[in-house]
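Colleague: Could you look at this predicted model? Sequence included:
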Amino acid sequence: MATNNELDLAPPEDLSRPLWKSLIRNFRDRFLPDHLPPLYLTSRPVNLGMLLGDFLSLPWYRTVFTNLGDVISPEIQPPLQLESRPVEVGELVGDMMAQPWWSSLLRGLADAVAPEKLPPLDITWEPANPIIPSQALLLTSWSNVISGPKIFLPDQAKAIITTASPGLSMPEVMTPPDPEKVAFVYDLERDMLRDLRRSRRRERFLIVLFAAEVMVLVAGFFWHH
């Protein structure tokens, strides 16, 4: 036995226990568990609902009936008690996706025609162009950003190339292209332009069809209301 001041690095006793003893102990824990005293909680319990292990152990028909019950008559939860200061984040993504498509279309048209007037932005930093203050974003020169003495190095002398210079080679004579390759390239370009024109026509037709469908749906909605 290790005392309180000694560190016991020996493996646990369960590793050296025979197989038949572990089977008997597991059988006893399963059918004849020890009666322990009730647990005394000193903290405030939090209801987490059904645990994941209990939920996975349910039969499949129980989950189907539970989901149907949640859809038909959802459980009314108590109001949420917030202990932190809420922050206004606008409309949530889930609420935006739950709205019908025509409401987002009308909202986009309203933002384009009559955008919401927001207060002027309070800028607390200096402009990006300290030399010439302007609303345009201009990149400053490195000479204006780096602090230190400016050193101007002399330009390197350019080498003079003459006919006697080593490594000088005469320009190669360009050979005329093959007429068959030129014709193939022209045919390929003509086919590509034809495909582009057809795709543009299909795109315009689909746009017109979509606009007509939107107009019919909007008119039908206002007609029934």
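Modeller: Sure thing, it's come through. Nothing here was measured: the structure is a model prediction, and the numbers come from that model. Numbers count the residues shown, from 1 in each chain.
Colleague: Between the two ends of stretch 89-105, how far is it?
Modeller: This stretch, stretch 89-105, spans 22 Å end to end (C-alpha to C-alpha, to the nearest Å).
Colleague: ok, residues contacting it?
Modeller: Stretch 89-105 is contacted from outside by 214, 217-218, 221, using C-beta atoms under 8 Å, 6 or more residues apart in numbering. Backbone N, C-alpha and C define where each C-beta goes, glycine included.
Colleague: I'd like to know how many residues surround residue 175.
Modeller: Burial of residue 175 is recorded as 6 neighbouring residues (other C-beta atoms under 10 Å).
Colleague: er, residue 107 actually
Modeller: 13.
Colleague: Regarding this protein, what is its longest helix?
Modeller: helix 179-224 (DSSP state H).
Colleague: Mind exporting the C-alpha coordinates of stretch 216-223 to CSV?
Modeller: Below are the C-alpha coordinates for stretch 216-223, written out as CSV (Å, rounded to 0.1, in the frame of the first residue of the first chain):
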residue,chain,number,x,y,z
VAL,A,216,-47.8,35.8,-62.4
LEU,A,217,-47.1,34.6,-58.9
VAL,A,218,-47.2,38.1,-57.4
ALA,A,219,-50.3,39.0,-59.3
GLY,A,220,-52.0,35.8,-58.2
PHE,A,221,-51.0,36.4,-54.5
PHE,A,222,-52.5,39.9,-54.5
TRP,A,223,-55.6,38.8,-56.5
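Colleague: which intervals of this structure have sub-threshold pLDDT?
Modeller: Filtered on pLDDT under 70, the chain yields the residue ranges 1-5, 124-153, 157-174, 224-225.
Colleague: all strands of it, in order?
Modeller: Under the criterion DSSP state E, the chain carries no strands.
Colleague: the helices in it, which residues?
Modeller: Going by DSSP H, the chain shows helices at 19-31, 52-56, 60-72, 93-98, 101-113, 142-145, 179-224.
Colleague: What helices and strands are in contact with the longest one?
Modeller: On a contact count with 3 or more C-beta pairs under 8 Å, 6 or more residues apart in numbering; DSSP states H and E, helix 179-224 meets helix 101-113.
Colleague: ok, residue 73 - how many residues close by?
Modeller: That count, for residue 73 with other C-beta under 10 Å as the rule, works out to 8.
Colleague: Now distance to residue 37 too, for the helices of the chain, in CSV please.
Modeller: What follows is these, written out as CSV (distance: least, C-beta to C-beta, whole Å):
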stretch, distance to residue 37
helix 19-31, 17
helix 52-56, 24
helix 60-72, 33
helix 93-98, 46
helix 101-113, 60
helix 142-145, 73
helix 179-224, 67
